[in-house]
Each structure stands twice: as structure tokens, then as C-alpha cells.
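S.K.: based on what follows, work out the 3D shape:
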Amino acid sequence: MENIYLAIPLAPLLGAILAGLFGKQLGRGGAHWVAILGVATSFLLSLVVFNHHILNDAPAYNDTVYTWAVSDGIRFEVGFLVDSLTVLMLLVVTFVSLMVHIYTIGYMHDDPGYQRFFSYIALFTFSMLMLVMSNNFLQLFFGWEAVGLVSYLLIGFWYTKPTAIFANMKAFLVNRVGDFGFLLGIAAVLMYFNSLDYWDVFEAAPAMTNVSIQVLPGMDWSLMSVICILLFIGAMGKSAQVPLHVWLPDSMEGPTPISALIHAATMVTAGIFMVARMSPLFELSETALSFVMVIGAITALFMGFLGLVQNDIKRVVAYSTLSQLGYMTVALGASAYAAGIFHLMTHAFFKALLFLGAGSVIIAMHHEQDIRKMGGLKKYMPITYWTALIGSLALIGFPGLAGFFSKDAIIEAVHHSQIAGSSFAYFAVLCGVFITALYSFRMFFLVFHGKERFEIHAAHKHDDAGHDDHSHGHSGPPHETPAVVTVPLIMLAIPSVLAGYVIGPVLFGDYFQNVIKVLPQHDVLGQIGANYHGVLGFIQHAVLAPPFFLAMGGLITAWYVYLKNPSLADMARKRASFLYQILINKYYADDFNQAVFAGGTRGIGRLLWRIGDEVIIDGLIVNGSARIVGWFSGVARQVQTGYLYHYAFAMILGLLGMLSWLLFLR
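M.R.: Model prediction:
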């Protein structure tokens, strides 16, 4: 099995190297085949690992593959930890990535950077696999930074497009803020535990529960709280939690396939996975759990509001990702780690489906992304329509679909939690149910139903990369996209329906036994599981609970406002123009960051330049030393007169000085 574990991440890496370095020789077809075969190999081997560990109940694998360095007794290693959590992540990452790779053949068909794109997305998959398979903090950090690097390359894939370059730099800088906290957390682990190996740290953690440190003089802080909060700051950057969320909507500047890959199965889920993996540490700090829960609740609610005013089809889905990541984070804060990971899994399927469905619409609309310029696409794109409907219903938690089980489990877990902030979190996730249904079906109805609004627009368009596209226009009606696009939609729609039915063993069984640690006083899923009587009983209970009525209320409101009586939307926007401006400007977070952080750092830089460069270096050191030398030279020049009596007089004065020192001062 060791060779299989090693082959899972190396297969997509090989595909990335071949497509990237030899893409010109391989051609477009060869490049996509080596990348797809690499990821397909990883997926098939992940199924083998699933069979070995889950179906045959094999013990977890935890071993070192390569020792990079040993310093002062501390080992820096590359190693794999393969347990039930790893297996779940392997299946999700490789399956969604495989669907995105296949879909990319159709979406990027005419792009000049075709081979480069396949190299990048295969490298993205490798990076995420290294992250989820790691058994130590060093390899975790490697995977963490690798997904950040490749996301930078992919968001700015169209590097001649100014908005794409701005977006990838923004993502890179915001994630550096989170990664700084993450690195400090790892450094604290190394300092106090003298090891980077997960299990060494987890075993020693209970003995460190009452250890205090002084971050600031005179103030005692719990060591475990400091470590967990620092690690979570890293998760806030990767998983786009408030206030480090601002990069994620702008990542839509990249091609649609990478939007699906980032938002569904790779980068943004890394933070959720990391906190679940670190449950033995987070369980020892209720302060950290409360912090996690409140941040997640704020993200879930307030990012959902922003989805209501977006008109770019990809940005609506992006803000839904932000909101759903907030739900996962709330689950982590409530110690319902299994529910957070379960929602990560179901969300990966239906969110990838929604993004790829949005890409299918964009192709059919000849790269038009404004939902106000669509409408009535149901009859033109039946496969995209029905798969998008499944994805939208799964997103809002419609009974029987995957998102229903995972989202309701999170809401119930928060309702049972006694951790500080749980009341606010419960209110936020309940309100979020209504908001999610409202913005999801606002988009769905405006795109697929109602009046056709696309015939009035000119035929000359520009594609996503800003290149002229003379061959496409609206002279003819839109049509369904080719099979290379629709087959991945169908394949993703299947788990979007069925994945939730494993709720019993995953949440209330022993699937995560000895993998995720929850203290008895925090075991909210155990309380819910005591009343769990199978899938049908769960559905029956849920359809009588508030989340179901809120979801249906949001759906009906969207239908009435955007289909039945569209004038209501315009009237509401005019009457609540102040609120609308706040939402359309994204709470002015970008303006604040631009003015305070970007402007402030530029101001500090200018100040330091003037003080350090102009005053100290140029003024004192360079020009100042030159002035001193010039002044001294001028004085010395007055002494060298050329007259003999001046030199004789100076010699007499010197002799008198020496005699005075010898006679009187010694």
C-alpha cells in the first residue's frame, strides 16, 4: 500500500510536469491527456485506499516517506497519514478535480494557454493531495503554500488582463496575512512541543492545557488558545473568513474551471480540513472554539447578503461559497467537526456543479456573465438547466438532496452547543438559510426562466481574457454545450443528490473514531445522534423544523419578486438605496483595505524613504560626510600657507605643549 499512497500525489505531479515542460511537443491533445490520466490515476487509487481502509477496516497508516533534515533532535520529514478523514478528502479532491479537468477540454478549447492551464490545475491537485495526506506540520505548510502559489498563477492566468493581475496579487497578499499567523502557530507548536509530528503533538497536548505564556508583558495567555487561534488565522485566509475574505470574489477573474476547483475541492477547503485535523488541540481551548464559531457565523450571514445584489453569475456562486464556508466554520467552532467535514464533502459536489453549470451558461451566452442579460435558457439548455436545478436545491438544503443533510446537521449542532457565541451563531445560520435560498433562486430564475433578455445585445463580444471574439454572437439562439461539458455536470449531479445519505455512519457512527477528538462536554453530534432513527426519520424531523420553512420561504420569495412581480425588486432597491449601496460596495471592505492598509503602508514607505533615504542616507551619511570632509579640508588648507616662519611658529608651539605636558601634567 505504501507505493499506492506515494503514487496518489505523484501521478498528477507527473502530468503537470509533462504538460508544462513538454506541452509544445505533446500538443493540446497530449497535454490534456497526460494531466487527465494523472488525476484519473489518483482517483482510482483513492478508491483502492477507500476499499482498504474503510470497507476492509484496515488501521490508519502513519509513516515517514523521506527525512529532509534533522536539527538538534527535531526531524523535518515528508510523511503520510492515511485514515478515514484522509480517505474522504482524497475521494472528494480527486473526483471533483477529474471532472474539472474533463470539463476544461471544452471550456478552454480555443485558449492559447491551453497546455499551461492543464499543467497548473494538475499541479493544484498535487498540492492539495500533499496537504491532506501530510502527517506533520512541515508537509502541511508545504501543501498550504503550494496551493496558494498555484492559485496565484491560475487567478492571474490571463496575465494580459489588468483585473486578473490585480485579483491574483490581492489573493496572494491577503493569504500572506493569514499565513503569517499560521506560521507563528506552527512555530509555537515546535517551540513548546519540540516536534512537528501530528501524533507526537496530539499526545502531548493534554499535559499543556494549563500552560500559560506572556505574549504581552503582564498578561497571561493560554498556550493552547494562542496556538489554535494562530492556526485558525491561517484558515481564515485560505478558507476566506471575515475579514480575510476579500480575495475570494475577485478570484472569479480566472477561468471558470479554476473557479470551480478553488471554491469546491481545493484551496478554500484546506482551512476547514486543517481545523478538523487539529481537533485534539482545538478541543482544549473553548476560547479558540468560540472565536472560530463567531467568525464563521459572521461570514455565513453577511457574505450571504452580498450575494443578493450581485449580477455576475460567477460572483453570485462565489458569495454562496463564502457563506457556506461560514457554515463549515461554525460547525468546527461547535465541536461538530464531522458535520463541518460532511458539509465540505457535499458542498464540493454541488458547488463544483454550480460553477461548471455557470461556465456552461457563459459558453452558450458567448462569454456574457451578467444574469440581467440572460433569461429563458431552459428550453435551449435542458441538461444545464436540470443539473443547475439540482445544484441550487442542494445548496439551499432541499429535503433529500446532499446539502440538506449536511446543512441541517450543522444547524442542529449549533442549536445544541453551549460554547460562548452559539446563540448568535444559531441566529446567523438560520437567517442564512433564507438568504441562501433567495439569492440562489434569484440567479436561477433570472438565468433560466422569464423573458429572454439576450436578443437585444450586439453580436460582437469579448471573451473572459479580453480577446475579441468575432465568431460568436447572438445572431442565433443559445444552444446546449457539448458532451465534454455536460457529462461532468451529470457526474457531479449524482453525488449532489446521493452523497447525503451516508449521514448515519459519517456523523453518528464510528467513521471518524480515533481520528477526530471531541470532549464529552462538547459532543453535540452525540446528543443529536441519540435521537437519530435513520435517514427517513431525519428528513421527517427536518421538514417540520425552521430551516425547511425558511428555505422554502426564500425560494418562494425569489419566484414572486423576480418572476411574478419583477417591479418589486426595482422598488425595493430604490427604497433601500442606502442599504443597497452598502451591499454593492461589499461593506466598503475593499475601500477600507485600500485606504488604510494599502494606502497606510505606502504612506509609511514614503515616510521611511524620506527619513531614511533623504535625511539619513543622503543628508547625513553621503552628503553630510562630504560636507565634513570639505569643511575640514578648507580648514587644513589654511594651515598650509608655504611661509617658513608659520611652520617655525607651529613647531615652537608644539614643543611648548610637549614640555608643558612633561613638566606639569604627568
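
S.K.: list the contacts for I410?
M.R.: Taking C-beta atoms under 8 Å, 6 or more residues apart in numbering, we find I410 in contact with 327-328, 330-331, 334, 336, 339-340, 343, 429. Quick note: C-beta positions are derived from backbone N, CA and C, even for glycine.

S.K.: hmm, try it at 10 Å
M.R.: Neighbouring residues of I410 by C-beta atoms under 10 Å, 6 or more residues apart in numbering: 296, 300, 324, 327-332, 334, 336, 339-340, 342-343, 397, 425, 429, 547.

S.K.: need the helix or strand of the protein with the lowest average pLDDT.
M.R.: For the chain, counting by mean pLDDT, DSSP states H and E, strand 468-469 ranks last in confidence among helices and strands (a mean of 38).

S.K.: confidence score at D464?
M.R.: Reported pLDDT at D464 in the predicted model: 46.

S.K.: my bad, should have said P59
M.R.: So P59 comes in at 91 (pLDDT).

S.K.: surely it is within a strand?
M.R.: No: looking at P59 with DSSP: H, G, I helix; E, B strand; the rest coil, it is coil, so not inside a strand.

S.K.: most centrally placed residue in this protein?
M.R.: V268 (2.7 Å; C-alpha atoms, centre = their mean).

S.K.: pull the number of nearby residues for the nearest residue in space to that residue that is not next to it in sequence.
M.R.: Leaving aside its chain neighbours, V268 sits nearest to S239 (5.2 Å; criterion: C-beta to C-beta, 6 or more residues apart in numbering). Close neighbours of S239, defined as other C-beta atoms under 10 Å, add up to 31.

S.K.: so who does S239 touch?
M.R.: Contacts of S239 (C-beta under 10 Å, 6+ apart): 178, 232, 245, 248, 267-275, 296, 299, 321-322, 325-326, 328-329, 332, 344.

S.K.: same thing with S151?
M.R.: Applying C-beta under 10 Å, 6+ apart, the residues near S151 are 120, 124, 127, 168, 171-172, 175, 238, 247, 251, 254, 258, 261-262, 266-268.

S.K.: right, and the helix or strand after the longest helix seen in the chain?
M.R.: Counting by DSSP state H, the longest helix found in the chain is helix 162-193. Reading on from helix 162-193 to the C-terminus, the next helix or strand found by DSSP states H and E is helix 198-204.

S.K.: how about the backbone phi and psi for the closest residue to R573 other than its chain neighbours?
M.R.: Excluding its sequence neighbours, the residue lying closest to R573 (C-beta to C-beta, 6+ apart) is Y580, at 5.2 Å. Main-chain torsions, Y580, degrees, to the nearest 10: phi -60, psi -40.

S.K.: what number of residues lie near Y580?
M.R.: Quick note: Y580 (other C-beta under 10 Å) scores 15 neighbours.

S.K.: do I have it right that it meets K574?
M.R.: Yes: contact criterion C-beta atoms under 10 Å: Y580 and K574 qualify, at 8.5 Å.

S.K.: where does the chain dip in pLDDT?
M.R.: 265, 455-476, 665-666 (pLDDT under 70).

S.K.: which residues are in contact with L308?
M.R.: L308 sits in contact with 316, 319, 435, 438-439, 442, 558, 569, 580, 583-584, where contact means C-beta under 10 Å, 6+ apart.

S.K.: now L583. Nearest residue, chain neighbours left out?
M.R.: V309 is the one closest to L583 (C-beta to C-beta, 6+ apart), at 4.5 Å.

S.K.: can you tell me how far the one you found is from V487?
M.R.: 34 Å (C-beta to C-beta, to the nearest Å).

S.K.: please say which of the two ends up with more neighbours.
M.R.: Between V309 and V487, counted using other C-beta under 10 Å, V309 has the larger neighbour count: 20 against 15.

S.K.: quick one: that one and V316 touch, right?
M.R.: Yes: look at V309 against V316 with C-beta under 10 Å: they come within range, at 9.5 Å.

S.K.: and the strands in the stretch 101-250 of the chain?
M.R.: 212-216, 219-222 (DSSP state E, counting those that start in this stretch).

S.K.: so of those strands, which one's packed in deepest?
M.R.: strand 219-222 (a mean of 14; mean count of other C-beta atoms under 10 Å).

S.K.: partners of it, with directions?
M.R.: Sheet pairing for strand 219-222, assigned by DSSP bridges, gives strand 212-216 (antiparallel).

S.K.: which outside residues touch the partner strand?
M.R.: So strand 212-216 is contacted by 188, 191-192, 219-227 (C-beta under 10 Å, 6+ apart).

S.K.: just put those residues in TSV and tack on distance to F305.
M.R.: Formatted as TSV, the contacts of strand 212-216 follow (distance: C-beta to C-beta, whole Å):
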residue	distance to F305
A188	36
M191	41
Y192	41
M219	36
D220	39
W221	34
S222	34
L223	37
M224	34
S225	31
V226	32
I227	33
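
S.K.: closest one of those to G553?
M.R.: S225 (39.2 Å; C-beta to C-beta).

S.K.: just checking, that closest one touches F291?
M.R.: Yes: counting by C-beta under 10 Å, S225 touches F291, with 8.4 Å between them.

S.K.: which residue packs closest to K517, ignoring adjacent ones?
M.R.: Of all residues apart from its sequence neighbours, P280 sits closest to K517 (C-beta to C-beta, 6+ apart), at 4.4 Å.

S.K.: sorry, that was for L322
M.R.: M303 (3.7 Å).

S.K.: alpha carbons only: can I get the stretch of helix or strand that neighbour belongs to in CSV?
M.R.: Assigned by DSSP H and E, M303 falls within helix 286-307. Presented in CSV, the C-alpha positions along helix 286-307 are these (Å, rounded to 0.1, in the frame of the first residue of the first chain):
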residue,chain,number,x,y,z
GLU,A,286,-13.0,26.9,24.4
THR,A,287,-11.8,30.4,23.7
ALA,A,288,-10.5,29.3,20.4
LEU,A,289,-13.7,27.4,19.6
SER,A,290,-15.8,30.4,20.5
PHE,A,291,-13.6,32.6,18.2
VAL,A,292,-13.9,30.1,15.4
MET,A,293,-17.7,29.9,15.8
VAL,A,294,-18.3,33.7,15.8
ILE,A,295,-16.1,34.3,12.8
GLY,A,296,-17.9,31.6,10.9
ALA,A,297,-21.3,33.0,11.9
ILE,A,298,-20.4,36.5,10.7
THR,A,299,-19.1,35.1,7.4
ALA,A,300,-22.2,32.9,6.8
LEU,A,301,-24.7,35.7,7.3
PHE,A,302,-23.1,38.8,6.0
MET,A,303,-21.5,37.2,2.9
GLY,A,304,-24.9,35.8,2.0
PHE,A,305,-26.3,39.3,2.0
LEU,A,306,-23.8,40.3,-0.6
GLY,A,307,-25.0,37.5,-2.9
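
S.K.: what residues of the following helix or strand past it count as buried?
M.R.: Next helix or strand after helix 286-307 toward the C-terminus (DSSP H and E): helix 313-333. Of all the residues in helix 313-333, those buried under the rule 16 or more other C-beta atoms under 10 Å are 313-333.

S.K.: what does stretch 482-502 give?
M.R.: 485-486, 488-489, 491-493, 495-497, 499-500, 502.

S.K.: next one: stretch 520-536
M.R.: 522, 524-525, 528, 532.

S.K.: now distance to H449 and secondary structure too, for these, in TSV please.
M.R.: Putting the buried residues of stretch 520-536 into TSV (distance: C-beta to C-beta, whole Å; DSSP: H, G, I helix; E, B strand; the rest coil) gives the following:
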residue	distance to H449	secondary structure
H522	45	helix
V524	40	helix
L525	39	helix
I528	37	helix
Y532	38	coil
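
S.K.: quick check, nearest of those to F512?
M.R.: Closest to F512, out of all of those and judged by C-beta to C-beta, is L525, at 9.6 Å.

S.K.: which parts of the stretch 401-550 of the chain are strands?
M.R.: So, for the stretch 401-550 of the chain - with DSSP E, counting those that start in this stretch - the strands run 461-462, 468-469.
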